[in-house]
Structure formats: structure tokens, C-alpha cells
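Enquirer: Pasted the sequence and its predicted model underneath.
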Amino acid sequence: MSRHLMTSVHRAALLFALVTLVMLGGVARASSNPAENCYIGAYQLTDGSIVDIGATDPASSLRWRRVDGTTGLLTRQPDGAWMSTRGWTGRPDGSIVRFSDCRDGRITFDGMTGHRIAFDIVNTRFQGSGVSLAGRLVLPKGKARVPIVVLVHGSEHDSALDFYDLQRMFPAMGIGVFVYDKRGTGASGGSYTQDFLLLADDAIAAVQEAKRLAGTRAGRIGYQAGSEGGWVAPLAAKVSPVDFVIVGFGLAVSPLDEDREAIAYDMQRHGYGPRVMANAMQIADASAAIILSDFQSGYDRLDALKLKYGNAPWFKYVHGDVTWALLAWPTSELKQKGPVLFAGVPAQYDPMPVLHNLDTPQLWILGGEDTDAPSAETIQRLRDLQGKGHPVALAVFPHAEHGIYEFETKPDGTREDTRNSQGYFDMMRDYILDGTLHDTYGDAVLYRASGTSPRHPSP
């Protein structure tokens, strides 16, 4: 599920959790492990630009990404070439990729040749909070000190070691990366959980391991966290200070508030008013009661609401971030799957006390059209922190959804992601390198630290 780029889209991740552990197969090479495809890597083209080739599920495909945010899915053709489709649309985009023999490490991308970039890589196992975790340090070649970013997971169940493209994209930009499989995923031990404090302890251990392995090459070090990681990384930074925190498409509200905000956003964007909104919030309240009971009670109330509103035209748009799952499955399945799917999640966790007491410089990057984690309230809370002098920089890509993906809307209202917003990767690179930001990153609206006026991109 390589959409993550610290990505993962919440609903896709949760659905994947229910069908995970299915064996990967159908691959045009010797191994069924997507991460073992010898074409995977970051390549520098003759014009100096970088294209990353990453793993996908299914493993028979590959995904390319560029620093400008463009991306496509590659499918092997009978003649050995790889044909690209745009974003996640499934539509051909005209790009053709060819690879040399794996030992040669060369690529032809849209007629331009390039070579695979070599990195200094150390695979490791380290001790998290009571479990053994699998990690990897990836540094640019050489002996110079470099900043290092530790990648903190979202709610996905995928292996970060297999699927995180940033483990190559950042080193290609002169930045070190420490990537690790979240407990209960990939090669790491333990059981999957969404216990934020436990995950923060693991993130702290990852920083310590990154410093140990990097030795004298370690410069400034901090976190880059997507989605659920936006709750985890600030907590880790408060417990054990780092030099910076980057949060992408995360939230400054609780998980239950996220679900309510997502349902409200669904109703608003489909044109429904206060009356329907109040009915939809009844469903949000009923699903919250089930979650707070650890899936032991509250089903009669939800079933009654499903019976009452199930034929209403707006009911099909009630998704939220977790409510959709409770609406999709019968009680017998929810009682079994729910505690696993939402294991350890602190549903009422309030992130604001941590943020109010955190003096670590932070960059928050949000999407203005995020349906999974609506950003309006989080933007307001971060602006309030800025006004109180906290070292928080904020960037909002107005046309991006979860994952900072731009999209097309189909006639039925569903979305097809096309690319990451231009400027997204450049912004993170600049902040990791020295903690500063330029004036323009695509169409992002920038709110700098200390409550300064927003910077809009030039026309």
C-alpha cells in the first residue's frame, strides 16, 4: 500500500487490516516479496532530477515518484518495458520506463537515462518498548554530517521497510533516514497497536538507534510523521527532545473528534444542512459509544439508527474515519474484528496539553480538502499556538486530501488521486536540512511561526 508516503489513507488502511496477511503473489520475478525487486531504488537522471522506483502491493507492479509530486503505477509489458498510469487513476499517462540488468542499475525514464544512487545502508534490530523492532538507517554516501529524519508510522499495517519511499527520496536529497517497521507489522515483533504512548516509546528508541548507527555523521535529528503519527511524534518529542517534528496530514483533535469532523465534512460537501447534520451526529455518537465500550456494547442503539435512517439519501455518505467500519459489518463481526482493528487506540486522547507544552520546532502540513482528517479545527488550534509564541510553522495545500494528494472527482462523487501537491517534498527537505522555509511551495498557504501573516503563493 505504497500510497502512504506516510501514507496511508485511513479507510484503506483499516480495510487492509481486515484482509492483511494474505500472501503477496503474481510477480514477474523470482521473489514474492515486493521489497526484493532489484529495480527498486532512487535514480538520478541526466538532467540532475530524481525519480524513485518503489514497491507496491501487488508486487507485480512498481510505483515511480518524483520530487515535484508526480507519480504513476508501472506495469510490466511483454517486451520488458514498464507502462505507466497516472497516479491511482488507472489511465495511461504516456510514460514508459525501462531498466537495465539489475547489476548495472540503469534506467530510461521517458527517454532520459539515469543511474541508481548508492547509499550507505545499515539494517538493524533494536529494542522498542518491550519488543524487538526491525529498522534501517539510510545515509547519503560519504563521511559528512547530515540531518537525520526518523519516519513515524500512521495507522497502516504495512511494512515501512518494504513500502516507504521516503527512505530513498530523502537520502537522494542529502538527508539521512531511519525507517522501521511498527510493532506488529513487517519484520518487527509484538502485536499491532494504536496505543500512542507505547508507539512514542518505540519512536524514541528509533531515534536512539539512529544516533548510535550514524555516529559522527549524525547532525540534527527529528521526526517525520503522517496521519496517526501526528499524535505520536509530538508526544515522543515531549518525552525525549529532538531537533524538529514534521507532521503531515495529522490532527490536533482526538480520534473521536476526528470521526465526528469527518462525518460533518461528508455532510457539508454533499450539500446537507443542519437537520441532516444533527441526524448524522447521532450515528457518530452511537459509534463512539461502541468504541468506548471496547466493542462490548452499544449495538442496539446503532442498529436502531441504521433502521431509522438507512434509506435516507444522505445515509450513504456517512463515513467518518471509523464509523464507516461500524456501519459496514454486522454485530457478530464487529465484536471480533473491532478490538483488533482499533487495538489500543486512545479514542479520547487530547493532544493539546502536549502541544501547549512542547518547545520543539514543528512543521505541520495539512490538506484543505482532507475527508479522512478534516483540517479546519486543527488549523485553528495551530494558529492559536502560533499566536501564543509556540515554534509552529503551518502549511495548507488547499486542494489536497489525506496524504497531501491532489485528486479528480468522478461523477459518483468518489475521488481518484493523481499526485502529491507540488512543493510538498521540497518543503519537508528544506525544513529537515536547516529548519527554514522559502516563500513559495506550489499553492501552499504558509503560516510561519509566532503567528505571522500567511504567505500565499504568487499569482
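Expert: Here it is on my side, so go on. Numbers count the residues shown, from 1 in each chain.
Enquirer: contacts and neighbour counts: CA atoms only from here.
Expert: OK.
Enquirer: For Ala205, give me phi and psi.
Expert: phi -60, psi -30 (degrees, to the nearest 10).
Enquirer: and it, how far is that from Ala218?
Expert: 16 Å (CA to CA, to the nearest Å).
Enquirer: and what of Glu258?
Expert: 36 Å.
Enquirer: just Phe99 next, same as before
Expert: For Phe99, the distance to Ala218 - CA to CA - is 34 Å.
Enquirer: same question, Leu197
Expert: Leu197 is 26 Å from Ala218, by CA to CA.
Enquirer: what's the answer for Pro391, then?
Expert: Counting by CA to CA - Pro391 and Ala218 are separated by 23 Å.
Enquirer: Go ahead and confirm Lys410 touches Glu416.
Expert: Yes - Lys410 is within contact range of Glu416, at 7.4 Å (criterion: CA atoms under 8 Å).
Enquirer: So between these two, which is more surrounded?
Expert: Between Lys410 and Glu416, counting by other CA atoms under 10 Å, Glu416 is the more crowded of the two (17 against 9).
Enquirer: Over to that one. Which of the three states is it?
Expert: Of the three states, Glu416 takes strand under DSSP: H, G, I helix; E, B strand; the rest coil.
Enquirer: what about Leu437, which SS state?
Expert: Once three-state DSSP is applied, Leu437 turns out coil.
Enquirer: Please disregard the earlier target; I meant Leu305.
Expert: Leu305 ends up helix, using three-state DSSP.
Enquirer: what's the closest residue in space to it that isn't next to it in sequence sitting at in phi/psi?
Expert: Nearest residue to Leu305, sequence neighbours excluded (CA to CA, 6 or more residues apart in numbering): Ile283, at 6.7 Å. Dihedral angles phi and psi of Ile283 (degrees, to the nearest 10) take the values phi -70, psi -40.
Enquirer: List the contacts of Ala343.
Expert: By CA atoms under 8 Å, 6 or more residues apart in numbering, the contact set of Ala343 is Tyr192, Thr193, Gln194, Asp195.
Enquirer: could I get those as CSV with neighbour count?
Expert: Supplementary listing: the contacts of Ala343 in CSV, determined by neighbours: other CA atoms under 10 Å:
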residue, neighbour count
Tyr192, 20
Thr193, 20
Gln194, 21
Asp195, 15
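Enquirer: tell me the domain boundaries of the chain?
Expert: Following the assignment in automatic domain parsing, the chain carries domains at 24-117, 255-341.
Enquirer: Looking at those domains, which is nearest to Gly403?
Expert: Counting by CA to CA, Gly403 lies closest to domain 24-117 out of the domains of the chain; the figure is 11.4 Å.
Enquirer: So what's the model's average confidence on that closest one?
Expert: Averaged over domain 24-117, pLDDT sits at 88.
Enquirer: gap between the spatially most distant residue from the centre of the chain and Thr193?
Expert: Farthest-out residue of the chain from its mean C-alpha position, per CA atoms, centre = their mean: Lys308, at 36.0 Å. Distance of Lys308 to Thr193, given as CA to CA: 34 Å.
Enquirer: show me where the stretch 351-459 of the chain has helices.
Expert: 352-356, 376-387, 424-434 (DSSP state H, counting those that start in this stretch).
Enquirer: got a markdown table for these, with distance to Asn279, mean neighbour count and mean pLDDT too?
Expert: Shown next, in a markdown table, are the helices of the stretch 351-459 of the chain (distance: least, CA to CA, whole Å; neighbours: other CA atoms under 10 Å; pLDDT from 0 to 100):
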| stretch | distance to Asn279 | mean neighbour count | mean pLDDT |
| --- | --- | --- | --- |
| helix 352-356 | 29 | 15 | 98 |
| helix 376-387 | 21 | 18 | 97 |
| helix 424-434 | 37 | 19 | 98 |
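Enquirer: I'd like to know which of these lies nearest to Pro171.
Expert: helix 424-434 (10.0 Å).
Enquirer: so Asp243 sits right up against Gly219, yeah?
Expert: No - counting by CA under 8 Å, Asp243 does not reach Gly219; the two are 9.6 Å apart.
Enquirer: re earlier: got TSV for the domains of the chain, with distance to Val179 too?
Expert: Output for the domains of the chain, formatted as TSV (distance: least, CA to CA, whole Å):
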stretch	distance to Val179
domain 24-117	14
domain 255-341	23
